[in-house]
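Asks: the sequence and its predicted three-dimensional model are supplied below.
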Amino acid sequence: MTNLESYYLTEEHELFRKSLREFLDKEVVPFVDQWEEDARLPKELFKKFGDMGYFGMTQEEKYGGSNLDFWYDVIFIEEISKSNSGGFGASISAHPYLSLSHLKHEASDYLKEKYLPKAIAGELVGALAITEPHAGSDVAGIKTTAVRQGDKYIINGSKCFITNGVFCDYMIVACKTASTGSSGISMILVEGNSNGLSRNNLKKLGWKASDTAEIAFDNVEVPAENLLGEENKGFYYIMQRFELERLTLGLGAIASSEWAIEYTLQYMNERKAFGRTINKFQVLRHKMAQLTAEIQSVKTFTYHVCKMHNDKNYCVKEASMVKYLATELSDKVAYQCLQMFGGYGYMEEYKMARFFRDSRLGTIGGGSSEIMCEIIAKMVIDDVNYQAQESRARNQDISIEELFATLPSRLKKDKTDGVEMNVLFEFENNLNYLIEIKNQEVKFNKIQDSTLTSHDLKLTTSTETYIGVETGKLNPQEAFMSGKIQVSDLGKMMQFGSLFKKLNNH
Ligand SMILES: Cc1cc2nc3c(=O)[nH]c(=O)nc-3n(C[C@H](O)[C@H](O)[C@H](O)COP(=O)(O)OP(=O)(O)OC[C@H]3O[C@@H](n4cnc5c(N)ncnc54)[C@H](O)[C@@H]3O)c2cc1C
């Protein structure tokens with residue numbers, strides 16, 4: 001274990017890495033060349049990964065997951081990225097980190113029960129379909145429509161560049177359900193064998209072992225219950241899940257760069273020129289030293305952001321920085337390491353050629369480097385708070401459930417050490433919630449009978465007033481003074497308020 005890893009990982013984590021590595025060396029490495037030829041992974045491979053529990057590590061146990069911490073996912077991404085096939089890594093990780101993460105966070109209980117156990121077991125393979133021929137970076141510009149007709153949606157339009165799109169059993173599709181820009185997008189689950197769906201595998205520069213689809217939807221009928229979360233909130237869901245996607249892409253770029261350095265150093269130790277091995281030439285040694293230093297520093301930052309993510313701190317800015325730095329660096333590593341191989345680097349027989357091709361996608365897919373810089377620039381130059389922007393994207397009319405769902409990421413951990421507090425919210429129409437703060441975590445639950453619930457603080461108000469205060473549309477002092485919000489204990493109310501970061505920049 002190197003120093004960096006020992007700061008973050010336990011012995012159990014490293015034992016997991018060892019057994020995963022053994023599994024990959026047996027079930028993956030010997031076959032990647034064939035899968036690169038086939039331009040897809042065999043379906044049985046997903047089942048093997050499912051049997052090992054790799055798709056459900058951070059999923060709930062009741063659906064077959066193991067409810068482990070995020071570091072298991074970190075290790076999983078690192079090790080699959082060291083198998084010298086970007087296409088294998090993309091395809092096997094798109095299933096858990098693109099499609100399953102949307103099911104976990106936004107799907108109804110009905111959808112979770114129907115799809116999660118089989119998807120976690122690797123019996124069903126998923127994809128996430130957002131990009132369209134005319135809208136990639138500009139997610140809000142998608143044109144595929146889903147029109148509600150009775151208990152169905154009718155989907156028309158097209159998607160492109162969808163990883164696993166050709167062979168997946170289901171896909172989570174971003175569709176327009178209203179004509180109002182980003183706030184009119186919804187996420188709908190579409191089964192791969194639906195009538196009216198046609199899929200075609202695209203030929204690519206790299207990532208060859210993954211299937212990459214262009215998909216046409218011609219009056220595809222989908223049950224209305226296949227809607228994920230709420231209608232027209234899809235843009236917000238996509239933005240929320242980007243944090244994980246960017247982190248996984250960054251982690252993969254770093255791990256594959258580390259693999260490339262190791263592979264190159266081996267070659268440099270064997271290849272001779274002018275009577276000595278090429279690892280004795282100072283100019284080459286310094287190049288390798290520089291690359292290693294850069295990888296180590298970006299990796300250190302990335303582990304810090306992984307910790308933020310694991311601790312459920314909102315880190316979209318940092319995850320965008322990780323994605324930008326790591327994928328740009330991977331291209332530099334690919335270019336310079338290939339140079340060390342001379343002509344052999346250009347030959348398919350050597351592994352550098354594939355790494356060179358595969359790395360190139362990193363700065364494009366999952367949000368290009370330019371888009372990452374746009375996001376970072378808006379945050380550091382224009383002082384835009386993306387969390388706030390996402391709230392605004394939620395149609396200006398965030399629901400009370402969505403508002404409470406922001407509490408974990410807004411909890412100020414440093415202020416909650418030893419704090420235990422139960423806060424009862426009584427809204428109109430007998431709608432009641434209990435917020436529980438304990439062990440530096442916050443949970444919220446809808447409750448039936450507020451009179452039976454013990455609490456330290458009770459707020460009686462309307463959802464409109466409370467949302468108005470939280471989103472900055474209503475002045476909190478005025479709301480209290482006018483009696484729009486009634487509290488059982490003002491001191492406790494002030495303490496409760498001080499435990500959370502503001503929702504908006506107001
Ligand atoms: C192999 C592969 C797999 C993929 N897998 C998936 C998948 O599973 N699901 C999915 O939904 N999508 C997937 N994608 C799509 C990928 O996310 C998009 O290609 C990417 O977001 C870029 O979009 P675009 O290709 O439309 O480029 P465009 O958005 O057309 O961008 C073209 C160029 O303009 C730049 N640009 C655009 N807007 C701005 C701006 N505002 N400021 C500065 N520069 C800008 C871009 O950075 C880029 O350099 C995949 C793509 C590939 C190639």
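Replies: That came through, no problem.
Asks: what about stretch 102-117, near the ligand?
Replies: No - using CB under 6 Å from any ligand atom, stretch 102-117 stays clear of the ligand, coming no nearer than 11.4 Å. C-beta: built from backbone N, CA, C; applies to glycine.
Asks: can you name the residues in contact with stretch 434-441?
Replies: 404, 407-408, 411, 413, 416-417, 419-425, 442-445, 447, 453, 455, 499 (CB atoms under 8 Å, 6 or more residues apart in numbering).
Asks: quick one: distance of it to the chain centre.
Replies: 25 Å (CA atoms, centre = their mean, to the nearest Å).
Asks: list the buried residues in it.
Replies: L434, I435, I437 (16 or more other CB atoms under 10 Å).
Asks: so for that stretch, mean pLDDT?
Replies: Mean pLDDT, stretch 434-441: 91.
Asks: and for the chain, the residue most distant from the center?
Replies: For the chain, the largest distance from the centre (CA atoms, centre = their mean) belongs to G275, which lies 49.9 Å off.
Asks: tell me the confidence at that residue?
Replies: You'll see G275 listed with a pLDDT of 97.
Asks: contacting residues for it?
Replies: Here G275 is in contact with no residue (CB under 8 Å, 6+ apart).
Asks: can you list the domains in this structure?
Replies: Using automatic domain parsing, the domains assigned to the chain come out as 11-232, 236-380, 398-498.
Asks: worst average pLDDT in the ones you listed?
Replies: Among the domains of the chain, domain 398-498 scores lowest, at a mean of 86.
Asks: end to end on that one, go ahead and measure it.
Replies: With CA to CA, to the nearest Å as the measure, domain 398-498 spans 22 Å from end to end.
Asks: could you find the closest non-adjacent residue to the closest residue to the ligand within the chain?
Replies: Nearest residue of the chain to the ligand: G136, at 1.9 Å (CB to the nearest ligand atom). Excluding its sequence neighbours, the residue lying closest to G136 (CB to CB, 6 or more residues apart in numbering) is F161, at 7.4 Å.
Asks: could I get the phi/psi values of the one you found?
Replies: The phi/psi pair for F161 (degrees, to the nearest 10) reads phi 60, psi 40.
Asks: what do you get for T212?
Replies: Main-chain dihedrals, T212, degrees, to the nearest 10: phi -130, psi 110.
Asks: which residues touch the residue nearest to G136?
Replies: T131, G136, L202, T212, A213, E214, G365.
Asks: which stretches of the stretch 351-500 of the chain form strands?
Replies: 421-426, 432-438, 441-447, 457-460, 486-487 (DSSP state E, counting those that start in this stretch).
Asks: in the third one, what's buried?
Replies: This points to strand 441-447. V442, F444.
Asks: R40: what secondary structure?
Replies: coil (DSSP: H, G, I helix; E, B strand; the rest coil).
Asks: now swap in A209 and tell me
Replies: Criterion first, three-state DSSP; result for A209: coil.
Asks: what parts of the stretch 201-350 of the chain come near the ligand?
Replies: K204, W207, T212.
Asks: neighbour count added to those residues, as JSON lines?
Replies: JSON lines is the format used below for those (neighbours: other CB atoms under 10 Å):
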{"residue": "K204", "neighbour count": "16"}
{"residue": "W207", "neighbour count": "25"}
{"residue": "T212", "neighbour count": "25"}
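Asks: re earlier: neighbours around the residue of the chain closest to the ligand, how many?
Replies: A count of neighbours around G136, defined by other CB atoms under 10 Å, yields 18.
Asks: so which of the strands of the stretch 351-500 of the chain gets nearest S83?
Replies: The minimum distance between S83 and these falls on strand 441-447, with 36.0 Å, by CB to CB.
Asks: any idea of the angle that closest one forms with strand 432-438?
Replies: Orientation of strand 441-447 against strand 432-438 (axes from the mean of the first three to the mean of the last three CA atoms, to 10 degrees) gives an angle of 160 degrees.
Asks: for strand 441-447, the distance to its chain's centre please.
Replies: In terms of CA atoms, centre = their mean, the centre of strand 441-447 is found 24 Å from the chain centre.
Asks: that strand to strand 421-426, inter-axis angle?
Replies: Relative orientation of strand 441-447 versus strand 421-426 (the same axes, to 10 degrees): 30 degrees.
Asks: any idea which of the strands of the stretch 351-500 of the chain gets closest to R357?
Replies: It's strand 441-447; of the strands of the stretch 351-500 of the chain, that one is closest to R357 (CB to CB) at 44.0 Å.
Asks: direction included, what does that closest one pair against?
Replies: Sheet pairing for strand 441-447, assigned by DSSP bridges, gives strand 432-438 (antiparallel).
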